[in-house]
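> When you get a sec, could you give me coordinates for this:
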Amino acid sequence: MRPTTLDDYIGQQHLVGEGAVLRRMIDGGKLSSFILWGPPGVGKTTLATIIAHQLKTPFYTLSAVTSGVKEVREVIEKARQSRFFDAPSPILFIDEIHRFSKSQQDSLLGAVEQGVVTLVGATTENPSFEVIRPLLSRCQVYVLKSLEADDLMRLVHRVIEKDIELSKRKFDLQETSALMRYSGGDARKLLNILELVYEAAPREGDVVINDKIVAERLQQNPLAYDKDGEMHYDIISAFIKSIRGSDPDGAIYWLARMIEGGEDPAFIARRLVISASEDIGLANPNALLLANAAFDAVMKIGWPEGRIPLAEATVYLATSPKSNSSYMAINEALQRVKQSGNQPVPLHLRNAPTELMEQLGYHEGYKYAHDYEGHFVEQQYLPDALKRERFWHAQPNAQEDKMKERMVRCWGEKYNS
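Okay, the predicted model is just below:
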């Protein structure tokens with residue numbers, strides 16, 4: 001059922017629709033190297049073969065799973081020998097290019113640079129992380145999207161009308177929401193589900209498709225989740241941003257996605273501890289205690305009960321007041337350290353464990369705060385070159401308002417802004 005023309009190609013209209021970038025490139029007969037990045041089953045390989053077919057160009061295929069540097073060089077040499085003077089460069093299609101090692105990717109650079117081949121790569125992983133910079137700079141990256149429900153329904157009708165086996169039977173599409181949901185925007189998965197339903201249907205009468213039948217055939221919905229890939233980072237990002245944005249429903253949803261996808265509970269717990277420090281901070285110092293307690297609890301009790309303290313910490317952090325004043329303060333201080341270099345510690349702040357150090361003025365003039373009223377006495381704690389610097393700025397919340405009031409009482413105008 002793989003289409004052979006762009007007119008039959010389903011989805012990705014932002015790339016192959018009328019006037020879109022790849023359509024213009026193909027219609028003009030001038031193809032430059034590019035990488036197709038998108039989830040499984042959205043038509044990356046199909047699009048590459050259609051392009052080669054329409055341009056009537058020699059087409060070589062390598063799989064990053066089974067090919068090494070030797071195979072890459074052999075294909076490049078074949079492409080070099082098959083190229084005519086004014087003919088377009090042969091297309092070299094590399095599936096799962098993210099699995100190529102650095103040396104394998106390096107072996108492509110010269111051929112792509114010289115136009116010996118036009119490289120078309122396909123990957124489910126973010127090319128920014130998986131493709132070396134020199135190769136990435138020679139290629140355009142085009143992002144493919146999961147197929148929409150309308151695209152999937154077009155595919156369903158095409159298959160049941162044109163497939164050699166399925167077209168012999170009449171299909172009764174009573175309900176399709178489960179079919180769409182379990183497919184998850186993946187055309188390959190959709191075809192597999194249709195095949196399962198067809199194979200399990202009675203040999204006589206219509207092939208009935210409804211939500212109940214689809215659910216029974218599949219038993220469960222294996223969620224798409226790659227613990228080492230792009231989705232891993234996307235979902236943890238959505239999780240943290242939901243907590244930061246004080247949306248407990250969003251945070252719990254993304255937590256559930258990670259749990260169902262088999263994410264390492266220690267990874268989730270670590271991110272909660274970081275969020276408690278970075279996003280809640282001094283607005284509610286108890287958040288760090290609770291996040292740390294959740295981490296400890298998960299390590300002690302494991303799954304499936306560990307989901308409960310993780311959920312408790314997630315909701316608590318999402319509903320807490322927010323402040324990043326400590327996070328901003330340390331970042332500003334680190335930046336200042338890089339700019340100002342190794343400033344000497346003021347003599348009065350240095351210990352004097354030896355007689356020589358005492359003679360040199362170490363510790364001289366230091367005021368012990370507990371000897372003074374309110375356990376505070378004004379003195380210089382920053383290096384001389386930075387003594388007027390200020391890094392921590394209170395943010396408007398009940399906890400930090402109290403902190404700021406005390407700092408104003410101690411230091412006066414310095415903290416009154």
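> Got the confidence number for residue 85?
As predicted, residue 85 sits at a pLDDT of 57.
> again, but for residue 269
At residue 269, the pLDDT value in this model is 92.
> Go ahead and confirm it touches residue 298.
Yes - with contact defined as Cβ atoms under 8 Å, residue 269 reaches residue 298; the gap is 5.2 Å. (Glycine included, C-beta is placed from N, CA and C.)
> which residues do those two both contact?
Shared contacts of residue 269 and residue 298, defined by Cβ atoms under 8 Å, 6 or more residues apart in numbering, comprise residue 310.
> Spit out the contact partners of residue 57.
Taking Cβ under 8 Å, 6+ apart, one finds 31, 87, 88, 89, 90, 91, 118 in contact with residue 57.
> State the distance from it to residue 109.
In this view, residue 57 and residue 109 are 21 Å apart by Cβ to Cβ, to the nearest Å.
> repeat for residue 210
Relative to residue 109, and taking Cβ to Cβ, residue 210 is found at 53 Å.
> where does the protein dip in pLDDT?
Across the chain, the ranges flagged by pLDDT under 70 are 65, 67-68, 83-87, 219-231, 417.
> Please enumerate the strands of it.
All strands of the chain, identified by DSSP state E, fall at 34-37, 59-63, 91-95, 118-123, 140-143, 171-173, 207-209.
> now the ones you listed in a markdown table, with mean neighbour count and distance to residue 264?
Formatted as a markdown table, the strands of the chain follow (neighbours: other Cβ atoms under 10 Å; distance: least, Cβ to Cβ, whole Å):
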| stretch | mean neighbour count | distance to residue 264 |
| --- | --- | --- |
| strand 34-37 | 24 | 25 |
| strand 59-63 | 17 | 29 |
| strand 91-95 | 24 | 29 |
| strand 118-123 | 25 | 24 |
| strand 140-143 | 15 | 28 |
| strand 171-173 | 15 | 40 |
| strand 207-209 | 19 | 37 |
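> I'd like the ones you listed as CSV, with distance to residue 397 appended.
Formatted as CSV, those follow (distance: least, Cβ to Cβ, whole Å):
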stretch, distance to residue 397
strand 34-37, 42
strand 59-63, 55
strand 91-95, 52
strand 118-123, 44
strand 140-143, 40
strand 171-173, 55
strand 207-209, 55
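> With respect to residue 155, which of those strands lies nearest?
Residue 155 sits nearest to strand 171-173 of all the strands of the chain, at 12.7 Å, using Cβ to Cβ.
> Point out the other helices and strands that that closest one packs with.
strand 207-209 (3 or more Cβ pairs under 8 Å, 6 or more residues apart in numbering; DSSP states H and E).
> For the strand it packs on, which strands pair with it and how are they oriented?
strand 171-173 (parallel) (DSSP bridges).
> give the contact list for the closest residue to residue 307 other than its chain neighbours.
Excluding the flanking residues, the one nearest residue 307 by Cβ to Cβ, 6 or more residues apart in numbering is residue 259, at 5.5 Å. Residue 259 sits next to 265, 268, 307, 310 when contact means Cβ under 8 Å, 6+ apart.
> Helices - which of those residues land there?
Of these, the ones assigned to helices by DSSP state H are 265, 268, 307, 310.
> Show me which pair in these is furthest apart.
268 and 307 (9.4 Å).
> Quickly list what's touching both of those two.
Taking Cβ under 8 Å, 6+ apart as the contact rule, residue 268 and residue 307 both touch 255, 259.
> And these two? Which one has more around it.
Between residue 268 and residue 307, counted using other Cβ atoms under 10 Å, the more crowded position is residue 268 (23 against 18).
> Assess the claim that that one and residue 255 are in contact.
Yes - between residue 268 and residue 255 there is a contact at 7.0 Å, judged by Cβ under 8 Å.
> Would you mind grabbing the residues shared as contacts by the two?
Both residue 268 and residue 255 are in contact with 239, 310, where contact means Cβ under 8 Å, 6+ apart.
> From residue 379, how far out is residue 357?
Distance, residue 357 to residue 379, by Cβ to Cβ: 19 Å.
> oh sorry, the question was meant for residue 169
Distance, residue 169 to residue 379, by Cβ to Cβ: 89 Å.
> Same check on residue 153?
With Cβ to Cβ as the criterion, residue 153 and residue 379 are 75 Å apart.
> So between these two, which is more surrounded?
residue 153 (17 against 12).
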